[in-house]
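*Asks:* Predicted model and sequence follow; I will ask about them next.
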Amino acid sequence: NEKEKARYHSYDLLKSEGFLNPSLYGLQPKNVVLYIKKEGDHSVIHSLYYWLTEDHQLNPLAITNVVAKKVLGQYKLFNQLPYNTSSWSREKIGLLTYYFYKDYRIDRKKADAANAFVKKIASLFDFEPPLIEYYIAKNCDDVHRIKGFEYVIGMGNAIETCAFFDSFNNIVYTTEDAGEFHRHELIHLLNSVYPNAHPILLSGLSVYTNSSNSHLGEPLLYHFKKLEKRIKLNSTLNLADWDNIHHEDLESEPYYIIGALLVDCIVEKGGVNLLKESLAYGSRNEDVYHFFKNKFNLDKKALNRLLKEKLHAFARKDKVNLRIDL
């Protein structure tokens, strides 16, 4: 439909919603329409996305809901998000427009802090702060539901706090636990400013904060200590080989923490200007290695040593003092 094409840069919100990476379509599942149900002046198309294993077992990825409605005699597709949140309250505070259940009370202090944070990021990295849509749902399953997922892999695991950022449309989806100021997601505004940045640097920046909720509900120091403990149990762990270091539980993701260590190394050497340069260097692992070779004269082996030294220095402290205040 023309209205949503004009409103959104990526007008199919299920393609850009921020949870599945690659996107729902980028994962290249098979698709079948399960049924179409009439609801008032529109219909809802319920579709199953799935894979078949080699032994022909069904492996479901998602069930999505998309609205179909007649416009001037022709059916047009609509995102389900506006329909699912049509009864919600809406309040614009500065750059952020909040959408929330009517029984939820907006914390204006947090909203003001979120605005100040967005303006600070924009000032540090030299871009015009955009307008942001910010949806506050009850829990993780509710976040997925309002986007148009009747089911998506991971739903039903009783996690109350999660958040996602649609970097194409500057939309934040989060839960009531996180509230009006989800720093981790708002810093992902840099994703569109530096579209070719390596994900590990963007991930590292998203947790590079002294906040008590830096990552997965815990401060950054907690994650530094957790990763150091893991290295003590396995001294051969190579932090410069980040793609092959997987999280052991749901409480920490080493990829983000290694990214924060990389960010700290860069800012220590050359401040925000060198950080900007690193974000423009390229999105492949080889681009990051090339950057550290050119700017630090470090090969991959030496980079691993530097990251471990920095991690051990942080983990010995009672408080993390970061080099830029995010």
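*Replies:* Yep, that arrived.

*Asks:* What is the subsequent helix or strand relative to the strand ranked longest in the chain?
*Replies:* With DSSP state E setting the assignment, residue counts place strand 58-71 as the longest strand in the chain. If you walk from strand 58-71 toward the C-terminus, the next helix or strand you reach (DSSP states H and E) is strand 74-78.

*Asks:* and residue 248, how many neighbours does it have?
*Replies:* When neighbours are counted by other CB atoms under 10 Å, residue 248 registers 11. In this view, the C-beta of every residue, glycine as well, is placed from N, C-alpha and C.

*Asks:* scratch that, residue 83
*Replies:* Neighbourhood size, residue 83 [other CB under 10 Å]: 18.

*Asks:* now it, nearest residue through space, not along the chain?
*Replies:* residue 67 (5.9 Å; CB to CB, 6 or more residues apart in numbering).

*Asks:* That neighbour and residue 76: what is the separation?
*Replies:* Going from residue 67 to residue 76 by CB to CB, to the nearest Å gives 9 Å.

*Asks:* out of the two, which sits in the busier spot?
*Replies:* Set residue 67 next to residue 76 and count neighbours by other CB under 10 Å: residue 67 wins out with 20 against 16.

*Asks:* OK, contacts around that one?
*Replies:* For residue 67, the residues meeting the contact criterion (CB atoms under 8 Å, 6 or more residues apart in numbering) are 42, 43, 44, 45, 77, 78, 79, 80, 83.

*Asks:* Could you double-check that the fourth one lies in contact with residue 39?
*Replies:* No - with contacts counted by CB atoms under 8 Å, residue 45 stays clear of residue 39, the gap being 11.1 Å.

*Asks:* So these two - more neighbours on which side?
*Replies:* Ranked by neighbour count (other CB under 10 Å), residue 45 and residue 39 place residue 45 first, with 16 against 10.

*Asks:* List the buried residues in the helix or strand harbouring the more buried one.
*Replies:* Here residue 45 is covered by strand 42-52, with elements defined by DSSP H and E. Residues of strand 42-52 classed as buried by neighbour count (16 or more other CB atoms under 10 Å): 42, 43, 44, 45, 47, 48, 49.

*Asks:* tell me the mean pLDDT for the helix or strand hosting residue 289?
*Replies:* Using DSSP H and E, residue 289 falls within helix 285-296. Mean pLDDT, taken over the full extent of helix 285-296, equals 98.

*Asks:* So which residues of this structure form helices?
*Replies:* Along the chain, the segments classed as helices by DSSP state H run 2-7, 13-16, 81-84, 108-124, 140-147, 183-186, 190-193, 199-207, 220-233, 254-279, 285-296, 300-315.

*Asks:* Switch those over to JSON lines; also include distance to residue 27.
*Replies:* Below are the helices of the chain laid out as JSON lines (distance: least, CB to CB, whole Å):
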{"stretch": "helix 2-7", "distance to residue 27": "23"}
{"stretch": "helix 13-16", "distance to residue 27": "11"}
{"stretch": "helix 81-84", "distance to residue 27": "20"}
{"stretch": "helix 108-124", "distance to residue 27": "30"}
{"stretch": "helix 140-147", "distance to residue 27": "16"}
{"stretch": "helix 183-186", "distance to residue 27": "22"}
{"stretch": "helix 190-193", "distance to residue 27": "19"}
{"stretch": "helix 199-207", "distance to residue 27": "17"}
{"stretch": "helix 220-233", "distance to residue 27": "28"}
{"stretch": "helix 254-279", "distance to residue 27": "19"}
{"stretch": "helix 285-296", "distance to residue 27": "21"}
{"stretch": "helix 300-315", "distance to residue 27": "30"}
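
*Asks:* got any ranges where the stretch 51-200 of the chain has weak pLDDT?
*Replies:* Under the criterion pLDDT under 70, the flagged ranges of the stretch 51-200 of the chain are 158.

*Asks:* Excluding covalently adjacent residues, which one is nearest to residue 70?
*Replies:* Here the residue nearest residue 70, using CB to CB, 6+ apart, is residue 76, at 7.6 Å.

*Asks:* on that earlier part again, determine which of the helices of the chain approaches residue 161 most closely.
*Replies:* helix 140-147 (7.2 Å; CB to CB).

*Asks:* and the closest one, what other elements does it pack with?
*Replies:* Where contact means 3 or more CB pairs under 8 Å, 6 or more residues apart in numbering; DSSP states H and E, helix 140-147 is packed against helix 81-84, strand 132-137, strand 171-175.
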